[in-house]
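J.: Build the 3D model from these lines:
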Amino acid sequence: MRRPAPPREIPPPLELECLKAMWTLGEGNVKEVRDALAPARPLAYTTVMTLLDRLARKGVLTRRKVSRSFVYTPAVTRDSLRRAAVRELLANFFDGSEQALIAHLTAAPPPEAEAASPAEPAARDDRLDTVLL
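T.: Residues are numbered from 1 along each chain as shown. Modelled structure (predicted):
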């Protein structure tokens, strides 16, 4: 029987968007986070409330009651989450080898990537490798 995978340190994409908003705000309530996300990703108030609650239960945010609502504050830094993401990247794609990751990031692009226009997916994927975090 297979054991379940350990929980990831990196939040799923939508939770990560909320966390990024919290890092920018410093602290905020559901409405403030929703407003910060709205230009790029309009979400329902209840969706943002659920996402912030999940992050608080995971220990990524702290919250305190102020009047009739909660005010959330990041409990992890952007830098600590970046380190966790790099650890996960190393473990999953480079067999834990920092040297292999560095070699990959500093390697010359393959000839087909040089010929690709910036709008082509192959070219975008190569650039994403170098600006991952």
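J.: which residues does the residue positioned nearest the centre of the chain contact?
T.: When the chain is reduced to its mean C-alpha position, the nearest residue by CA atoms, centre = their mean turns out to be residue 16, at 4.3 Å. With contact set as CB atoms under 8 Å, 6 or more residues apart in numbering, residue 16 has these partners: residue 10. C-betas here are computed from N, CA, C, even on glycine.
J.: Tell me which helix or strand it sits in.
T.: Per DSSP states H and E, residue 16 falls inside helix 13-25.
J.: mind listing what's buried in that helix?
T.: The neighbour-count criterion (16 or more other CB atoms under 10 Å) identifies 14, 15, 16, 17, 18, 19, 20, 21, 22, 25 as the buried residues of helix 13-25.
J.: just checking, next helix/strand downstream of it?
T.: Next element after helix 13-25 (DSSP H and E): helix 30-37.
J.: quick one, what contacts residue 71?
T.: Counting by CB under 8 Å, 6+ apart, residue 71 touches 27, 28, 29, 63, 64, 65.
J.: Surely it is in a strand?
T.: Yes. Inclusion of residue 71 in a strand is indicated when DSSP: H, G, I helix; E, B strand; the rest coil is applied.
J.: what about it, distance to residue 104?
T.: In this structure, residue 71 lies at 42 Å from residue 104, with CB to CB, to the nearest Å as the measure.
J.: again, but for residue 22
T.: For residue 22, the distance to residue 104 under the criterion CB to CB works out to 31 Å.
J.: With the flanking residues excluded, which residue is spatially nearest to residue 14?
T.: With sequence-adjacent residues excluded and distances taken as CB to CB, 6 or more residues apart in numbering, residue 14 is closest to residue 51, at 6.0 Å.
J.: one step back: ok, so of the buried residues of helix 13-25, who is nearest residue 38?
T.: Nearest to residue 38 out of these is residue 21 (CB to CB; 9.9 Å).
J.: my guess is that closest one contacts residue 33, does it?
T.: Yes. Counting by CB atoms under 8 Å, residue 21 sits close enough to residue 33 to count as a contact (5.0 Å).
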